[in-house]
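Participant: model the following, please.
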Amino acid sequence: ANLSNLQASLTESLQPSYYTFVQQGVTMSRNPRYDILFQPVQIGPKTAPNRFFQVPHASGMTNASPHVRAAFRGMKAEGGWGVVCTGACSVHPSSDDSPFPNATLWDDADIKAHALMTDAVHAHGALAGVELWHGGAAAVNRTTRYAPLSPSGVPWMATHVGFMTAARPKVMDAQDIRDLIRWHADAARRAELAGFDILYVYSGMGYLPYQFLLSDYNHRSDAYGGSVVNRTRLTLELIDAVREATAGRCAVALRVSMQELRARPSEVAESEAHEVMGHLKDAPDLFDVKMDYSAFDCAPSRDRKSVV
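Facilitator: Prediction:
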């Protein structure tokens, strides 16, 4: 009997302790170990009401369907997400993803459409984020007819996307780099006017700032090429430009991909990925790190087999 009592006592002590709470009129039970997920968190100058963060993702609902997009993102905020973000949002006509759906912040005419979404998100107490995007050599510019831009004229041939072009992009000169930084700053100012709280710099998934990070695509011999610290320079300058454009009133996030970089050795760190993160560690208010290729990171979770 004493052994049975001891086993029962141990079993009870090992079980997670739950408590009942009421949220929006619904009675629910929650293990207190998850309480931190429901607590506010500071992101630069902004405070998210909880830790549920809907990262940027494509939805197919762009500037052409602003009311649908606002309803879709607003529904997520209503459901409890503390931060709700857009998908990729082009900063300039030289980053044109048509005929595929793509959002833009090219000029002031784009502000009103985005404000519908931020108003819908703010109505439920959540923060709104925007992913500022330039595709570089991965943007074909079928409609705007701009020459694609790249660090060294190397086409982007992403294996997980079947619609990239083999056309040779333009090698960016110093003025092109200054223009790119200015386009991000201009888009950041428009994003703040549209009501966004968190502004992303997008250095990942094969797009222009990420092309500067990779030696395969960056053969430059100036301050933006060669060493890892030089290849990281553009991303740092974009973060600074976006922050300065809004005088620090908006939070600045960085989405960065690690899949290629973490496979490459570094003389001063465990890998080039570690070295890049060392240079960037104090730059953004929030990191959004993509560790693997989209075919793995963005695959459906349903019926997905584990990969060891």
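Participant: so, low pLDDT: which residues of the stretch 151-300 of the chain?
Facilitator: By pLDDT under 70, the low-scoring segments of the stretch 151-300 of the chain are 157-166, 293-300.
Participant: that one: helices as residue ranges?
Facilitator: Using DSSP state H, counting those that start in this stretch, the helices of the stretch 151-300 of the chain run over 174-193, 208-213, 228-245, 272-280, 294-297.
Participant: which residues touch the third one?
Facilitator: Residues from elsewhere that reach helix 228-245, judged by C-beta atoms under 8 Å, 6 or more residues apart in numbering: 132, 177, 180-182, 184-186, 188-189, 192, 199, 201, 203, 209, 212-215, 218, 220, 222-225, 250, 252, 254, 256, 266, 272, 275-276, 279-280, 283-284. No exception for glycine: its C-beta is placed from N, CA and C like everyone else's.
Participant: please identify the buried residues of it?
Facilitator: Neighbour counts using 16 or more other C-beta atoms under 10 Å place 228, 230-239, 241-243, 245 of helix 228-245 among the buried residues.
Participant: what does the fourth one give?
Facilitator: Judged by neighbour count (16+ other C-beta under 10 Å), helix 272-280 contains these buried residues: E272, A273, E275, V276, M277, H279, L280.
Participant: thought V83 was touching P56?
Facilitator: No: counting by C-beta atoms under 8 Å, V83 sits too far from P56 to count as a contact (10.3 Å).
Participant: among these two, which residue is more densely surrounded?
Facilitator: Between V83 and P56, counted using other C-beta atoms under 10 Å, the more crowded position is V83 (27 against 22).
Participant: picking up where we left off before, out of the helices of the stretch 151-300 of the chain, which is closest to R33?
Facilitator: helix 294-297 (26.1 Å; C-beta to C-beta).
Participant: out of the contacts of helix 228-245, which end up buried?
Facilitator: Among these, those classed as buried by 16+ other C-beta under 10 Å are 132, 177, 180-181, 184-186, 188-189, 192, 199, 201, 203, 209, 212-215, 218, 220, 224-225, 250, 252, 254, 256, 272, 275-276, 279-280, 283-284.
Participant: between the buried residues of helix 272-280, which is closest to L116?
Facilitator: Using C-beta to C-beta, these come closest to L116 at L280, 32.9 Å.
Participant: is it true that G248 touches P45?
Facilitator: Yes: counting by C-beta under 8 Å, P45 is a contact partner of G248 at 6.2 Å.
Participant: so for those two, which residue has more residues nearby?
Facilitator: Taking other C-beta under 10 Å, G248 and P45 do not tie; P45 has more neighbours (15 against 12).
Participant: give me the distance between the more buried one and R233.
Facilitator: Look at P45 and R233: by C-beta to C-beta, to the nearest Å, they are 25 Å apart.
Participant: about what we covered before: overlap in contacts, V83 and P56.
Facilitator: With C-beta under 8 Å, 6+ apart, V83 and P56 have common neighbours G129.
Participant: contacts only, for E131.
Facilitator: P56, C85, T86, G87, A88, C89, Y200, Y202, R255.
Participant: likewise for W81?
Facilitator: By C-beta under 8 Å, 6+ apart, the contact list for W81 reads F52, F53, Q54, A126.
Participant: mind putting the buried residues of helix 272-280 into TSV with distance to N102?
Facilitator: Formatted as TSV, the buried residues of helix 272-280 follow (distance: C-beta to C-beta, whole Å):
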residue	distance to N102
E272	30
A273	28
E275	32
V276	27
M277	29
H279	30
L280	26
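Participant: what is the nearest of these to A120?
Facilitator: Minimum distance to A120 across these is 32.1 Å, recorded for L280 (C-beta to C-beta).
Participant: does that closest one touch V252 like I think?
Facilitator: No: using C-beta under 8 Å, L280 makes no contact with V252, being 11.6 Å away.
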